Structures are given as structure tokens and as C-alpha cells.
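**Q** here is a sequence together with a model predicted from it:
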Amino acid sequence: MELHPILQEFLDTWVYPTGFSGPGYDFRMHITQRCIPAWNGMTISAVKAAQEDAKTPTREWLWSSVLAGYAGEGPQMSIKQMSTQLLSVSLEDQERYIDLQRMRAQQVWDEVKHGMLHADVLLRGGYVKREEDLMDNADANTLGILSYFGCTAMFPHIHPLARAAQHYFFEGSACLGIQVRMRCMNDSLDLHDNLSQYHEELMHFMEGKYQMDVYALTEKDQRAIEDTLDFLLKPWAPTLADALARAKQGAAA
């Protein structure tokens, strides 16, 4: 399989380099091989979508794209998602997973900032007069990405490391999608929406990498991550690109 250059650069810069060796790293390399085909397909789709958007004389695409971002990263969704996942670590395991808990607590704020950023773009673009207006739009409050809803509801009931699969796969997808927009687009609001998020999304991806390298040392721990990835990579599971495409169709209708 020929990899898209943006994906190859991401792999060489952020995926393969590591300061660790051992069962956690070996397991992550196995997970990486499972993620690469989906990452590659998502990157190629994102490039095609960006090239089409760049040719569009109006900003209709911006409304639907940013609206989907707000749906997934708006304050309400982010607080619910991250706060719920904090509960996946029992009191007895808090000391063992304190690094993971710190990272997740930071991500509550990161995601809320992303939601505020999307709202700022919609306000600057003249799509809404007030952020409160988005509460009247169903598309601003729902998104069919399993990492946000399917897994979120289950995290309090499964292994604390299950979150690693979501961080690694979906946040890696987010990093790739942002890189595509920054390289293929020359729209000031689109760049504002993506450039400001990149380093925080990268940190979230690196959390998943860290979780596996450091904590996924036994078959039991690794199984929890593998099972979650099985769920996320189901043939019927929507990718980020698919979700954005559906959001665009809904906005156009």
C-alpha cells in the first residue's frame, strides 16, 4: 500500500520515534499497523475534500465543516465526554493511572477551547449572531462518530486503558485532517479554525501513544485496547471524513 506523503511524514515524526522499548511499544506497533490503512484512506479523502472546497467560490463548506466540529467539540459534548472518561479509573487505581488522569483533566479544557474556536469562526463568518443560536440547530449538537458517543457511554464500565485506542486512532486522524487543511487551503477562517487546534490534538494523540508504551504491558491491559479498536474499526463505523461529509449534506439540504 502506497502511503500518502502527509501520513508518511506523520508516522516518521510522531508515531515511530519513542524513548521506550518492551511489550508496550511492541503492542503499539501492532496497533499502528491496524490504524495505518484507515489513516491513509482518511488522509486521501481529506485531501480531495479540501481541494474541492478550495475551488468553491462561496464559503458554504465552511459552515457545515465548522458546525460538525462544534458538534463534536462544543462545551457541552466535551465536558460530558471527558468528565465521563475520568470516571473510568476507580479510586483504588487512581495512583497507578495518575498521569492518565492529569492528561484527561487537561483535555476537558482543551476540547472546550476547541468548541469556543469553532463558535468564533461561525460568528466571524456571519453564520450566527450569538453562540446561543447554535442550541436551536440539531446538527450543532449531534455527531455520529463512535469515539464521541458509542465508546463514551461505556468508558466507566471498561478498562481505564480502553481510552488509548480512541486517543491513538481518532486523535491521529484529527492531526492528519488538520495538516491537510493547513496545506491545501488558503482561507483565513479555515486556517484559523485548524491551525489553533493542531498542537492540542497532537498532545491528545501522544497521550494514546504514551498510554500504550508505558501501561499496556500485560495481555489483560492490551486486550482492553484491542477490543475498543475492534469496535472503532468496524466496517460500519463512521470515520471523521464520513461524518463531515454527512454534515455537509445535511447543511446543504
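**A** Structure's in. What do you need? Numbering: from 1, shown residues only.
**Q** surely residue 140 meets residue 72?
**A** No - here residue 140 does not reach residue 72: they are 10.2 Å apart, not a contact under C-beta atoms under 8 Å. C-beta here means a position set from N, CA and C on the backbone, and glycine is covered the same way.
**Q** which ones are touching the residue nearest to residue 204 when sequence neighbours are not counted?
**A** Residue nearest to residue 204 in three dimensions, not counting chain neighbours: residue 171, with 4.1 Å by C-beta to C-beta, 6 or more residues apart in numbering. Residue 171 sits next to 201, 202, 204, 205, 207, 208 when contact means C-beta atoms under 8 Å, 6 or more residues apart in numbering.
**Q** recalculate using a threshold of 10 Å.
**A** Residue 171 makes contact with 107, 147, 200, 201, 202, 203, 204, 205, 206, 207, 208, 209, according to C-beta atoms under 10 Å, 6 or more residues apart in numbering.
**Q** ditto for residue 214
**A** Residue 214 neighbours (C-beta under 10 Å, 6+ apart): 20, 22, 24, 25, 99, 100.
**Q** go again with 7 Å.
**A** Contacts here follow C-beta atoms under 7 Å, 6 or more residues apart in numbering; on that basis residue 214 touches 20, 24.
**Q** ramachandran coordinates for it?
**A** phi -100, psi -40 (degrees, to the nearest 10).
**Q** let me know the pLDDT of residue 171.
**A** The model reports residue 171 with a pLDDT of 90.
**Q** with the one 5 residues further on instead?
**A** Confidence per residue is given as pLDDT, and for residue 176 that number is 95.
**Q** assign the residue nearest to residue 204 to helix, strand or coil.
**A** Classification of residue 171 by DSSP: H, G, I helix; E, B strand; the rest coil places it in helix.
**Q** roughly how far does it sit from residue 209?
**A** Distance, residue 171 to residue 209, by C-beta to C-beta, to the nearest Å: 10 Å.
**Q** and residue 18, by the same measure?
**A** Taking C-beta to C-beta, one finds residue 18 at 8 Å from residue 209.
**Q** compare neighbour counts for the two and give me the winner.
**A** residue 209 (24 against 14; other C-beta atoms under 10 Å).
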